[in-house]
Each structure stands twice: as C-alpha cells, then as structure tokens.
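Q: Got a predicted structure plus its sequence, pasted below:
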Amino acid sequence: MKIDLETIKRLRELTGVGITDAKQALVDTDGDFDKALEAMRKKGMTKADKRGEREARSGVIGSYVHDSRIGVLVEVNCETDFVARNEKFTELVKDISMHIAASAPEFISQENVPKEVVSSLKKEFEEKVAKDGKPAKMIPQIVEGMLAKALAERCLLDQPFIKNQEVSVGDYIKNNIAILGENIVVKRFNRMALGEVL
C-alpha cells in the first residue's frame, strides 16, 4: 500500500516522532491514520514517562486573568531555554493557567497533599460509611474509593482537562512531553479570586 508524504508529515507533527517511525506506524495499520496516531501516542507516552526522570530547570512563569476577577500565576519547568521559548510550550503554560482559573485545584499532585489532609478526609469518610450502615468488611474498600475520588478532584494533574475532558491535565502534559521531547513539570501555582477570604 502506498502512503503519501503528506499523511506521514501530519502524523509526525501530531506525535513528534521521526518520519521513519511515522511511516512505519501507517504501514503497520494499513494506512489507517487514526490507528497509527493511537499507536504513536502510546509510544510517545512511554518515552514521556522515561523523560519524566530528567531534571527540568528552565521554563516560564505563566499568568492568566479571567474577567479581572480570577488571576493565576504558574511556574512550569522544562529542560532547556530552547523549549521554554517554543510556541507549543507557551500554549501549554497558558492552557494550564486557564485550567487552574476554571477548576481551582488545591494541590499539584497527590504526592503534594499533606498527610493531615489525607487523614482528616479518611476519618470523615469512615464515619460517613459507618453511619450509612455498610458491612464492616467493605468499609476500607469503600473509603479508599471515596478518598481516591476526593483527592483526584483537588489535584491539578488528576483533574479532567478543561479543553478535553477525555484526558487528565497530567496526560495532556505527557502528550506535550512526547511532542517537545523534554521533561515538563508544574512546579507551583497560585490562584486568586476577587473577594476570596483567605
């Protein structure tokens, strides 16, 4: 089957893989662009996980103000100034800022949640489940499920991305790691809402 150069280029642009890999993916899927794209994204995600171990010291501080009522500052790091100045990286930082403004996460990831917050939530859920009269042997499992859901709602990387609810913010960042070829880390953020009581 003949695969045209335009299709190969399009696949390469969307995934950040080399021309040879893009062509091979199309050959392996009999020219089915969507299947090739899915295969390459999975491959890119695997590489992105490996890149996640590399140190990210460059980057930018991005900002977003919504309707003069909500403001966000976010520091997003990458490995080099070259990527920090890249349009795709700039777009990513803006998207993360907008997401924080809209979804108001409290923490970056579950690793950042203080132990006392986790303990307090766990205790609250245990009391609630016990009050609901659930069987004692099921309580730990139910509480773990409730805890996982509550933490995911509060953590930036676990929240469904506002521009595409099918993926989490963490997966959206991993897609960009695959395309840009560098580790990308959200270091910190601050969200302010007008009239908010601290």
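A: Received it, and whenever you're ready, just let me know what you need.
Q: could you point out which element follows the helix or strand of the chain with the lowest mean pLDDT?
A: Using mean pLDDT, DSSP states H and E, helix 33-51 stands out as the lowest-scoring helix or strand of the chain, at a mean of 67. Downstream of helix 33-51, the next assigned helix or strand under DSSP states H and E is strand 58-66.
Q: Return the per-residue confidence for the most centrally placed residue in the chain.
A: Taking Cα atoms, centre = their mean, the centroid of the chain lies closest to residue 170, which sits 1.7 Å from it. As predicted, residue 170 sits at a pLDDT of 94.
Q: And the one 10 residues further on, by the same measure?
A: According to the predicted model, the pLDDT of residue 180 comes to 88.
Q: Got the domain ranges for the chain?
A: 5-51, 58-108+155-193, 114-154 (automatic domain parsing).
Q: Of those domains, which stretch is the most buried?
A: domain 58-108+155-193 (a mean of 18; mean count of other Cβ atoms under 10 Å). The way it works is simple: take the backbone N, C-alpha and C, and place the C-beta from them, glycine included.
Q: Pull up the distance across that domain, start to finish.
A: End-to-end distance of domain 58-108+155-193: 28 Å, with Cα to Cα, to the nearest Å as the criterion.
Q: Make 27 the starting number, not 1.
A: Sure, I'll start counting at 27 from here, so that last one is domain 84-134+181-219.
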